[in-house]
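In: Give me a 3D structure for the following:
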Amino acid sequence: MYKVVGALSAVGSVGILNTYHARSKDRKDYSGLPPVPNRAEQIEKLKSEEFDVLVIGGGASGAGCVLDAQTRGLKAALVERGDFSSGTSSKSTKLIHGGIRYLQNAIFNLDKEQYDLVCEALAERKNMLDAAPHLSAALPIMIPVYQWWRLFYYYAGTLLYDLVSWSARLKWSKLISKSTAMEEFPMLREKNLKGAVVYYDGQQNDARMNVMLALSAAREGAATLNYTEVLELNHDAEGRIAGALCRDQITGEVFEVSAKGVINATGPYTDSIRKMDQGEGVEEICSPSTGVHIVLPGYFSPSNMGLLDPQTSDGRIIFFLPWEQYTVAGTTDTPCVPHDDPEASEREIQFILGEIDGYLDCNIKVRRGDVLAAWSGMRPLVRDPNAKNTAALSRNHVIETSESGMVTIAGGKWTTYRKMAEDTVDRVIAEHNLSHALPCKTQQMQVEGAKEYHPNLSIELCQLYGFDPEVAQHLAHNYGTQAHQLAKLTGLTGKRWPLVGKRLVSDMPFIESEVAYAVRYEYACHVKDFIARRTRLAFLNVQAARECVPRVAQLMAAELGWDEDKIAQEINDAEALIKSMGYKLATEVRHECAAISVADYQRYVKVFEELDEDENGFLQPTELYKAFERLGVEMSIQDAINIVDEVDTNRNGVIDMDEFLMIMAGSAVGKVVDSRLQKLVEMKLEQERLPPVRSNGGL
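Out: Numbering: from 1, shown residues only. As a prediction, this is how the structure comes out:
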C-alpha cells in the first residue's frame, strides 16, 4: 500500500515538475548564458597568450582590477594563490558603508583625507547596491542612546552623513523615541534608554560578491584562475616587469605568464610580492591588523535592523547585525603578522560578548555557548609610521609604481573596490602606454546574476520548479537570475512538497545541487571552497558545516573524479578550516592529551555520569555541592559556583563532558594544577579504589 502511494506521489511530482518546466518555456530565460571557460581552458590561455595586464590576487581589489581592465578592451588575466575571496575579502563586517566613524574623525581632526574617503565610499556604496541587487540591500542601523545630549549629537552626525552622500543617499536618518526603539529592537536594554537614532547603510554577502566579480571578468574574456601561485616575477633585459612564473596548485604544473603590466593586489601579503620585485630591502608599506567577528542565532536581532555601539569600553565600535538569518557581531582591531587562516582568540570573543551584553535586555543572556562561528580576518591597512595603534591607520588606498613598472594597490576598503580598481588600471595604462584602452566601464555594470533580477524572484522559483520557499529565497539572494541555471541541476525529492531541492543540512536552506553548480560554473576546487565561499555555511554555523562535509565531499568527488584518498584529504582540509572558524572537534577535545589512556577515559566518564544526578549531560553547581558534601568536604554553594566558573570555557553556567575531560587531560600532563574539580574526581576515584594515573597535576 505504502509503496503504491509513494510511486503515485513520485509520478505526480514528475508530472507537476514537467508542468512547471512547460510554463517556464513561455517566460524569458535570463539563465541561458554560456558557461564560463573551465579551469583547463583558462590555464591553456594563461600559458599561450600575452596579456596587457596580469593581476596577482583574487580578493575584492584584484577581482575588481581584472574586471575593469578586461571591460576596457585590454587583455587581462588574474591568478590567486588560494580561492577567490579566501582571505580578507570574505571576513568583513558585511557592510557596504561610507564609514560614519571616519566622518566623525574627519570633522574633529580637520582631516581632509578621511573626509574624501567618506565621500568616495558613499558614492561607491550606491554603485555596489546597483551592481548586485541580489547580493546586497540597504540596512537600517540603530544607535541606542542612554544620555539626552548624545541623542542630538548622534542625530546631527547621521544627518551630516546623509548630506555628504546627497544624491547617493539611501534614506534620511531619523530620530525615534524610546517606545519606538523598543518596538523596532525589542531585545534592547530599556533601563535609562532615552531614544535612538536610525541611519542607513548597505549590507552584502562579501565572498559571493567577490566570486561574482571574478566570474563576470571571466565571462568578459579574462583568464581568471584560482589556486595558482606566483613563484617569481619575470623582468626583461631592461629590468621592466614582464610577467610571472606560476604554479597550478591543483596539478603542480609550473608555467610562465607573459604580461606587459602587473598589478599587485594581494592585500595583507602586499609586501611579499613587492619584495619579489624590488628585493628584500624594500620598505614595507602594509601594516595588517585582525578583526574578529562572531555569529549568534538570528533571534538575538530583528531581521531588518542592525545595532551600532559607538562607544565601547576601549573606544572601538561594535556592530550587531542581522545577516543570512543569523546575527553577526564585531569587530576588534589587533595588530598582526600576515598568515593564512587566522583564528579568533577567546579574549576577543569574550570582549565582543561583553560589549553586546551591555546593550541587551537583562532577561537576555548572550552565552559563550550561543556562538555558532567565529572568524578572524586581516585588514591590509596602509602603514603610518607615526601611528601608535592600528585603529588610527587610514583605510584609504595607496597606489605605488615600482622602478620595474609593477603597480601595487594597497589599503582601501570593500566598499571602494571599484574606484580602487579604476585608479589602479588608470596607472597601469599610463605606465605601460596601453593607448588602445577604453575609458572605465564598470560604474554602471552589473555582476553575474544581477541582470533582470527582481525582488519576487524567490516566488518565481517556487512556482516554476517547486522549491521550498526558504530554499527559493536563499537561491534568489545568492545566485540571482542564475538560480534558473542551478534549478536545472536540481533533482526531485520524491516528496509531495517541496518537489525539488534536497537539503545538505535539515535546518538550513543549502541544497545538494549547489555543489555541482559550484564546481561546474563557479570554479570551486575543494570542499572548503563550497562551505566557506560558494555558500556561507562555515561562517554561519560551524557544527552544521562539519556535519555536511562528508556529503559535500562525495558530491564533489562525483564531479571531479576523486578517489577515496582524495576524499579523505578534502574532508581533513575542510575540518581544518572549520576549526579555524571556532569549532573544535569533540574527539580532539576528549583526547587532546595522549596521557589519558582508554581505561582512564572510561573512569572519568563514569565519574561524570555519577556526578550528573539528573542525567541531563551537564554538571551544575548544586550537583558538585552535594558531591563534596557526601565526601565530607565543607563548602558553600558559592564555592561550587566558583568551581564551575573555573572550568566553564563556553560560559553557559554548567560543565559539559568536553570541559570535564579537558580538565582531566590537563591535570594528567601538568597543564592544569590545583583544580578543585580535579581534586573532587580524585576523591571519588579513591573512594571507589580506582586510582588515577597522576594526582594533583603532578608530573
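
In: need the contact list for Arg427.
Out: For Arg427, the contact set (C-beta atoms under 8 Å, 6 or more residues apart in numbering) comprises 399, 401, 407. Every C-beta, even on glycine, is put in place using the N, C-alpha and C of the backbone.

In: One more pass at 6 Å, please.
Out: Residues in contact with Arg427 (C-beta atoms under 6 Å, 6 or more residues apart in numbering) are 399, 407.

In: same question, Lys45
Out: Contacts of Lys45 by C-beta under 6 Å, 6+ apart are Ala223.

In: Can you check what pLDDT the model gives it?
Out: In this prediction, Lys45 carries a pLDDT score of 97.

In: roughly how far apart are it and Gly57?
Out: 19 Å (C-beta to C-beta, to the nearest Å).

In: Need the distance between the two termini of stretch 498-505.
Out: 15 Å (C-alpha to C-alpha, to the nearest Å).

In: now what about that stretch, what contacts it?
Out: Counting by C-beta under 6 Å, 6+ apart, residues outside stretch 498-505 touching it are 13, 17, 465-468, 471, 490, 492-493, 510-512, 544, 548.

In: which SSE is Leu486 in?
Out: helix 483-487 (DSSP states H and E).

In: quick one: contacts of that helix?
Out: So helix 483-487 is contacted by 31, 461, 465, 475-476, 479, 517 (C-beta under 6 Å, 6+ apart).

In: Could you verify my assumption that Ile294 touches Ala329?
Out: Yes. With contact defined as C-beta atoms under 6 Å, Ile294 counts as touching Ala329 (5.3 Å).

In: Between those two, which contacts overlap?
Out: Ile352.

In: So which residues of the stretch 51-200 of the chain form strands?
Out: 76-79, 95-96, 136-145, 174-176, 195-204 (DSSP state E, counting those that start in this stretch).

In: Pull the contacting residues for the residue nearest to Asp52 when sequence neighbours are not counted.
Out: The shortest distance from Asp52 to any non-neighbouring residue, by C-beta to C-beta, 6 or more residues apart in numbering, is to Leu74 (4.1 Å). Shown in contact with Leu74 (C-beta under 6 Å, 6+ apart): 52-53, 437.

In: Looking at the contacts of helix 483-487, which gets the smallest pLDDT?
Out: Confidence-wise, Ser31 trails the rest of the contacts of helix 483-487, at 49.

In: can I get the contacts of Leu74 in a markdown table with distance to Phe152?
Out: Listed next are those as a markdown table, based on distance: C-beta to C-beta, whole Å:
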| residue | distance to Phe152 |
| --- | --- |
| Asp52 | 54 |
| Val53 | 50 |
| Ala437 | 50 |
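
In: how about the strands in the stretch 351-500 of the chain?
Out: 373-379, 397-401, 407-411.

In: Run the angle between the last one and strand 397-401 for me.
Out: With axes from the mean of the first three to the mean of the last three C-alpha atoms, to 10 degrees as the basis, strand 407-411 and strand 397-401 are set at 160 degrees to each other.

In: Run the chain-centre distance for strand 407-411.
Out: 23 Å (C-alpha atoms, centre = their mean, to the nearest Å).

In: Please save the CA atoms from it in PDB.
Out: Written as PDB, here are the backbone C-alpha positions of strand 407-411 (Å, rounded to 0.1, in the frame of the first residue of the first chain):
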ATOM      1  CA  VAL A 407      51.700  48.700  -9.900                       C
ATOM      2  CA  THR A 408      50.700  47.900  -6.300                       C
ATOM      3  CA  ILE A 409      47.300  48.700  -4.900                       C
ATOM      4  CA  ALA A 410      47.200  48.600  -1.100                       C
ATOM      5  CA  GLY A 411      44.800  49.600   1.700                       C
END
